[in-house]
Structures are given as C-alpha cells and as structure tokens.
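Asker: The following comprises the amino acid sequence and a computationally predicted model.
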Amino acid sequence: MKFPLNFSILRGLAIALAISSLASNARANVYATNLKLNGTTNNPTIVAGQDVSIGYILNEPASAGVTITIQSGTNVVRTMFVPAGNSGTSLGTNTVPWNGKNDAGVSVAGGDYSFSVTAAATGYSDWTQISSDTNAGNQVFESEGIAVNQNTNSFYYGRVFVALSHTPEGVPLGFNKFNADASPADEGIFSDGGYTNWTGYPYYQSPFRVKVGADDRFYALDYSGNGVIFSWDQQITTNSILSVMRDDNNPEAHLFSGFFITGTSTNRQVWMADDSPDGYGIKRWDMQPDGTLATDDLGTNVVAVGGDMANSSYDVAVDMDGRIYALCQPSSSDQYKYLRFPPYTDTPLLTADWKVDTTSDIRDPLALAVNPAATYVAAALSQSDAVLILDANTGASVATISTNSYPHYAAAWDNAGNVYTCFDVSDTNSIWQAWSPPGTNQATTFGLEVIHVLQAPQITSIVPSGLNLILNFTGPPNYPPSAFTVLSGSVVTGATNVVAASITGGGGVFQAIVPANGPMQFYRIQMPSTVSWVYITQIRTSGETVTLNFTGPSSDPASAFTVLSGSVPTGITNVTAATITGSGGVFQATVPASGPSQIYRIQR
C-alpha cells in the first residue's frame, strides 16, 4: 500500500533552524576518488625527470596520512608518503607532484607507469558521522533516494547521487550529483535525465529509489504508478536514457516499490520488491544486452509470500554471494520486517536464513542497503527517525545512528564501508549524511590513467670533425630526428641558444652535426614532451589481424586517425577498415591482413 512519505513531518521549519540541532561533525573513514593526472583523466606524456601532478579528492582528512605509489608493471619504483596535516591529506581536492624519479632520486626509464593513492585514518571507537550538515552540498531538496558509485574501475568512483522527489514550486525534479566530499560534479550538479514525467506530489516517489549498477549505469525508480525503472550514464545525460523496466513487464499492475541491479555486460539482472498485498514478494528479470528488459518479459518469482515473508516486500538488496535481503511493511506489526534469504536456485524461496523485528510500526522501515563486504545491513527508519544497522550474517542489531527527530527515507553504502542516509528537515528540504563504522582503516584507489614517460635525450659522445662537431645521442625510439633541437651555451647552466644542426638517425639512436663555436661550448638536446606527429611504433600480426601501435597528438581522439595501406611504399593510399582505440597520444589500430605483404601509414 502506498503512503505519502512525508505524512509525519510537515514541520514547516527553516532549514537553518533544523540543522542547528543535528549531530556534530566528526571525521573517520577516508578514501580517494576523482583521481586525475595534470588535472584531467587523459594519459599524460612527460619526459623523464619532468613533473606530473597527481590529483584526487578525499571525502575527509586523512588522519593517518596518504601514500602515493608509482609502479612500472608490478614493480614499485616510487613511494611518497604524506603525513597527516600536510598538503595532500585534506578534505576535498588535493594535489601531489611526482618528479618522474624513483626512490633513489634517479629519473625513471621510458615506459608506462601506473599509480595509486592510499588514504588512511586513525578511526573512531563508534559509528561516527563524517559529513557536515552545515555544508551546502549536503543540503538538498526533499530526497527519497541516495546511491554511491562503488565501481573502482570507473572514473566516477565515489560519486554520490541524490534523488530530488519534492522541490519548491518552479524547481525541477531530478537528481543531484556530488563528488565524495559533497562538492558538485565536474559537469554540473543537477540533471533530470531528459525524463519529463517526474511527478513528485502527492507521494514524493517520482523519482524514488536510485542505484548505481556494477555496469556503471545510474538507475532510478519512478513509483508514481506501479514502478518503472530508467537508466543513464554517470553524468545522467539526456541522450543516454534507457527505459529498463516498463509497464509491459508488469501487466497485473503490482506495486514494485524497491529494486536492485546485479551483474555486468550480458549478465545483468533487475530485482524488484512487490509491495502489493499477497503479491509476488520479490521478482527478478534478466536484462537484454542493450540494458533493457524484453517486451512482455514477466520475470521470475524468486521469493514468495506466505512463508517467512508474510504478504509483501517493500525493498530489496542482493549481496556479492547472491543472498537476498528484504525489507517489509507487512499488514501487521507482529510480522517480520527484515529478512535474509539464501541465493535463488530454481524454486521460489519461502524460508529465510534469518528474520527479525516483529514489534516496530509497519511503516517504520523504509529503505534497505547491504554493504559491499556483506557484513552490515542499513535500514532507513521513517517513524523512529534514525538508521538501523544490522549484522548481515545474523540480523542482530549492531547500532542505531543518525538519531534525530526527522524521518529517514534512504540508505546506501560506498565501497570504503561508509553508510549514507537522507532525512527530511522541512516540507521541501533534506540533508544527506555519511557515517563511518568504528575502527582504524585505509583504502587504496588505483588510478585508471597511465603516465607515459619518454626517455630523455642523452648525449653519448662528442666527436670533432673539421669545423664541425658530431653529437651522438639517444632519445625515444618513436621520435623522428625532426623532433630534436640542439642547444648550446658557454656555461653549463646557460645551454639555451638554438644551434643550426643537421640531425639524422632513428630507432632511439641519433646524430647531430653542428658547427664548432668558440673555444668551449656546452651542449644539450631538447625535445618536446607532447607529440605533434603520427608515428607507427610497432606492427604485429595475429592470425588474420594486423595490429599497429602508434603515437600522435595527445589532444587528439582515436577518431582523428585513418589507416592507409598499399603494396608499395609510393602507393599507400587505400583507406583500410580499422578499429582505432587509445588516448593521450598513444593509440592502437587493428586491421584485417591483406595479401602477402602490405605497407601502412596513419593519416591524421
């Protein structure tokens, strides 16, 4: 049965008054998100010994410091520790430079390097609020849904999504997007997803619950009718919207009030809780490869009513091992409100692993979430005005947090183990909070970008030759001779004059011929750190496929290039069908093999 979610709280308090009585702000579980190099998510190219800026956001200060690790493959070449209280350990955006050198202070060799950021906290002895109620980013319009991106392989890892279900007149319904520190998302804080049928009033369940799938899609439930689901990319762009679950998947008009998403790629599933009296309980659908449910697919009944689940289910969650958690608003308060069922096999489940709470008001439990480690369950309470933490293995009560005089409507977890909730403080205003479990902690976030380090030019010998000098030097093997410039000066620190030089060579070994100038000169070789030409670095074959690795301008997308081929060097003019990937100046093209021999070039 549907109830207006704000039935108990039309308090009419100003938000400034409301927050004055809320829990104080403390700091605990910390992790790094929004990892960037030189301020972007591109793969930068630097010359060995040059600086690269490593940026990240901390959801709170790292009270036990931050460690940044640089690796070449599996080998750690540099470890940088930043003690607590120093730049690099603060709440919000931090930047730490890497100078391109190893732990011995020597410039690293040319190649690709990965990086990670480990943030640590001394922790607290009890569940502790780690967000600030006075922070503008934590103050939103009335919200009935919250979700956090737990996908470590996503550039949006740690992003917080809040559903805006009730806004002042003239303010659109939709979603707010925040970084882990509650700052606005880079592309902007708000989106309605291009969906024009959000209703808000009278139940404030459109939009209602929200989730982030392991497929890195954002999902939202419109519960203004019987419950339908839409999905978007992580920026909630209008052209990414998919109608996932529709009314044709629910022709009997059951009330699907809660949902969960599992799996990736072709193994994605939608789970839905049926709040209809004596309805399905919990149903599951397999998604099609396009991310939607097949037309008229009615799903599978995985948990049935009439057993431990009395007559309905209001919300659902599924852990990493397939165990099913149900939150119920049954017809009688002496029926179970929280249950965990074993993984579904092929018969609707009736018997729970554990089941608890036969005393609370039937409308008290409102939203359910299980943490990624499957150790805790969080339940938002709309009558008791708090969040209940249960032991996921036994159902035993662990803690009651965020206790105040405001109804709580949503619950979620991040991948670092913090729990999130939303509660109303007035008719159209809510606050979202983050809370940390007790204990010391640390979390490592791996950067998704790669640092391309170019071998710095090195003069290996200087040979007099009549009125000239021959400078033999090494450089990146993929650089042409035209990429280098010879500089000279009469003192070591003053080799800044451009010298007319004839430079030849390739494959990393070069020679420059310059005129001798004065009794003594110092020379150095200069090269750009950004590539402005296209250069094939490797060709390999596998079966009927040829793979071309090549470099190009770091600002160019893969679509900027075309592969040309021909059977003779002067006839490389045929456009070849190719799949080209890559970014940040490093690219790869795969083409079908054609004939006994072919010559290739990349056209920009």
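Answerer: Looks like it came in fine.
Asker: Now do the same for residue 279: its pLDDT.
Answerer: On pLDDT, residue 279 comes in at 94.
Asker: residues near it, how many?
Answerer: Using other Cβ atoms under 10 Å, residue 279 has 20 other residues around it. From N, CA and C alone the C-beta is placed, and that goes for glycine too.
Asker: That one against residue 305, yeah?
Answerer: Yes - assessed by Cβ atoms under 8 Å, residue 279 is found in contact with residue 305 at 6.7 Å.
Asker: okay, and the common contacts of those two?
Answerer: 311-312 (Cβ atoms under 8 Å, 6 or more residues apart in numbering).
Asker: Hmm, residue 89 is touching residue 61, no?
Answerer: Yes - the pair residue 89 / residue 61 is scored as a contact, 6.0 Å apart, by Cβ under 8 Å.
Asker: Give me the next element, helix or strand, following the lowest-mean-pLDDT helix or strand in the chain.
Answerer: Ranked by mean pLDDT, DSSP states H and E, the helix or strand of the chain with the weakest confidence is helix 15-19, at a mean of 35. Next helix or strand after helix 15-19 toward the C-terminus (DSSP states H and E): strand 32-37.
Asker: Other residues contacting that following strand?
Answerer: Residues outside strand 32-37 that contact it (Cβ under 8 Å, 6+ apart): 43-44, 52-59, 66, 93, 115, 117-119, 157-159, 179-180, 443, 445, 447-449, 451.
Asker: for that strand, the distance to its chain's centre please.
Answerer: 10 Å (Cα atoms, centre = their mean, to the nearest Å).
Asker: Stretch 343-358 too?
Answerer: Stretch 343-358 sits 33 Å away from the centroid of its parent chain (Cα atoms, centre = their mean).
Asker: Check stretch 233-243 too.
Answerer: With Cα atoms, centre = their mean, you get 16 Å for stretch 233-243.
Asker: Next, the buried residues of that stretch.
Answerer: Judged by neighbour count using 16 or more other Cβ atoms under 10 Å, the buried positions of stretch 233-243 are 234-236, 241.
Asker: Confirm that residue 334 sits in a strand.
Answerer: No - applying DSSP: H, G, I helix; E, B strand; the rest coil, one finds residue 334 to be coil, outside a strand.
Asker: next one: phi and psi at it?
Answerer: phi -90, psi 10 (degrees, to the nearest 10).
Asker: residues touching it, list them.
Answerer: Going by Cβ under 8 Å, 6+ apart, the list of residues near residue 334 reads 358-359.
Asker: same thing but 10 Å
Answerer: By Cβ atoms under 10 Å, 6 or more residues apart in numbering, residue 334 lies in contact with 310, 357-359, 362.
Asker: Quickly name whichever of these is closest to residue 292.
Answerer: Among the contacts of residue 334, residue 310 lies closest to residue 292 (Cβ to Cβ), at 32.3 Å.
Asker: Tell me if I'm right that that closest one and residue 350 touch.
Answerer: No - contact criterion Cβ atoms under 10 Å: residue 310 and residue 350 do not qualify, at 11.3 Å.
Asker: quick one: which of those two has more around it?
Answerer: residue 310 (21 against 14).
Asker: Regarding residue 272, which helix or strand does it belong to?
Answerer: Applying DSSP H and E as the criterion places residue 272 in strand 269-274.
Asker: Would you mark the buried spots in that strand?
Answerer: Residues of strand 269-274 classed as buried by neighbour count (16+ other Cβ under 10 Å): 269-274.
Asker: just stretch 171-190 next, same as before
Answerer: 173-183, 185.
Asker: Out of the residues you listed, which sit inside helices?
Answerer: Applying DSSP state H to these, no entry is found in helices.
Asker: Among those residues, which lie within strands?
Answerer: Here DSSP state E is the test, and the buried residues of stretch 171-190 give 174-178 as lying in strands.
Asker: Distance to residue 33 for the residues you listed - can I get that in JSON lines?
Answerer: Shown next, in JSON lines, are those (distance: Cβ to Cβ, whole Å):
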{"residue": "174", "distance to residue 33": "23"}
{"residue": "175", "distance to residue 33": "18"}
{"residue": "176", "distance to residue 33": "17"}
{"residue": "177", "distance to residue 33": "13"}
{"residue": "178", "distance to residue 33": "11"}
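Asker: out of these, who's nearest residue 542?
Answerer: Once Cβ to Cβ is applied, the member of those that ends up nearest residue 542 is residue 177, at 41.7 Å.
Asker: Now do that closest one against residue 241, distance only.
Answerer: Here the criterion is Cβ to Cβ, to the nearest Å. By it, residue 177 lies 15 Å from residue 241.
Asker: How about residue 556?
Answerer: According to Cβ to Cβ, residue 556 stands 30 Å off from residue 241.
Asker: Tally up the residues packed near residue 111, please.
Answerer: Counted by other Cβ under 10 Å, the residues lying close to residue 111 total 15.
Asker: I'd say it and residue 48 touch.
Answerer: Yes - taking Cβ under 10 Å as the definition, residue 111 is a contact partner of residue 48 at 9.4 Å.
Asker: Overlap of the contact sets of the two?
Answerer: With contacts defined as Cβ under 10 Å, 6+ apart, the residues adjacent to both residue 111 and residue 48 are 453-455.
Asker: Provide a ChimeraX selection command restricted to the buried entries of these.
Answerer: ChimeraX command restricting those to the buried ones, with burial defined by 16+ other Cβ under 10 Å:
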select :453,454,455
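Asker: any idea which of the shared contacts of residue 111 and residue 48 is the one closest to residue 575?
Answerer: residue 454 (30.5 Å).
Asker: so what's the spatially most distant residue from the centre of the chain scoring on pLDDT?
Answerer: Within the chain, residue 466 marks the point farthest from the mean C-alpha position, 61.8 Å out by Cα atoms, centre = their mean. Residue 466 carries a pLDDT score of 90 in this model.
Asker: Next, the distance between the ends of stretch 407-427.
Answerer: 12 Å (Cα to Cα, to the nearest Å).
Asker: For the stretch 301-450 of the chain, which segments count as strands?
Answerer: Here the stretch 301-450 of the chain has its strands, by DSSP state E, counting those that start in this stretch, at 315-318, 324-327, 338-341, 354-356, 365-370, 376-381, 386-391, 397-401, 408-413, 419-424, 429-436, 441-446.
Asker: circling back to that earlier point, so which of the buried residues of stretch 233-243 comes closest to residue 284?
Answerer: Scanning these for proximity to residue 284, where the rule is Cβ to Cβ, the winner is residue 241, at 23.0 Å.
Asker: List the beta-bridge partners for residue 378.
Answerer: Going by DSSP bridges, residue 378 is paired in beta bridges with residue 369, residue 389.
Asker: that older thread, tell me which of the strands of the stretch 301-450 of the chain approaches residue 29 most closely.
Answerer: strand 429-436 (3.6 Å).
Asker: Tell me the helices and strands packed up against that closest one.
Answerer: helix 15-19, strand 128-129, strand 139-148, strand 160-166, strand 386-391, strand 397-401, strand 408-413, strand 419-424 (3 or more Cβ pairs under 10 Å, 6 or more residues apart in numbering; DSSP states H and E).
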